[in-house]
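In: Structure here, sequence nowhere to be found:
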């Protein structure tokens, strides 16, 4: 049987796991943000509807807020890494990371709305964005809550 880990080892492991998970999420969010920032400067932008402009701006705001929340744990760690507040920091940065993922789900749904509306129209946009949003909510937030402790 393996030796139990100390409280310090557990906190170190949990923080490393969280930071590694963020390394997976952040590049995708940053690519989405870069994509969104280029759209107003492309040919055809002037032809999109007022609704699409609002959805686009919502996607930009949600993506920027997601980036802020998903990068916050790194800033917290860098600022306080030697201050013996790891347990408190983990509680806060875990909530920031979950919030960042929730905002990312909204940003992805808005982005899909925008693309689907331009390509297929508002009805398809609503259905596809709604399906994606619901699917992410279930996969990212509901399914993890269904796990049982062993």
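Out: Structure received. These figures come from a predicted structure and were not determined experimentally.
In: which element is residue 110 on?
Out: helix 86-120 (DSSP states H and E).
In: Show me which residues of that helix are buried.
Out: For helix 86-120, a neighbour-count test (16 or more other Cβ atoms under 10 Å) marks 86, 89-90, 93, 96-97, 99-114, 116-117 as buried. All C-beta atoms are positioned from the backbone trio N, CA, C, and that covers glycine.
In: Enumerate every residue touching residue 94.
Out: residue 18 (Cβ atoms under 8 Å, 6 or more residues apart in numbering).
In: any idea how far it lies from residue 72?
Out: 11 Å (Cβ to Cβ, to the nearest Å).
In: do the same with residue 116
Out: 31 Å.
In: got it, and residue 111?
Out: 22 Å.
In: can you pull the contacts of residue 70?
Out: 22, 25, 26, 29, 96, 97, 100, 101, 104.
In: Could you count how many residues lie near the first one?
Out: For residue 22, the count of nearby residues is 20 (other Cβ atoms under 10 Å).
In: re the thing from before, what angle sits between the following helix or strand past the helix holding residue 110 and helix 86-120?
Out: Following helix 86-120 in sequence order, the next helix or strand is helix 122-137 (DSSP H and E). Counting by axes from the mean of the first three to the mean of the last three Cα atoms, to 10 degrees, helix 122-137 points 160 degrees away from the direction of helix 86-120.
In: which residues of the protein score low on pLDDT?
Out: 1-2 (pLDDT under 70).
In: can you rerun that using 50?
Out: 1 (pLDDT under 50).
In: So residue 140 sits against residue 105, correct?
Out: Yes - under the criterion of Cβ atoms under 8 Å, residue 140 makes contact with residue 105 at 6.4 Å.
In: wait, what's in contact with the spatially closest residue to residue 128 that is not a sequence neighbour?
Out: In space, and not counting its chain neighbours, residue 128 is closest to residue 116: 4.7 Å by Cβ to Cβ, 6 or more residues apart in numbering. Taking Cβ under 8 Å, 6+ apart, we find residue 116 in contact with 124, 125, 128, 129.
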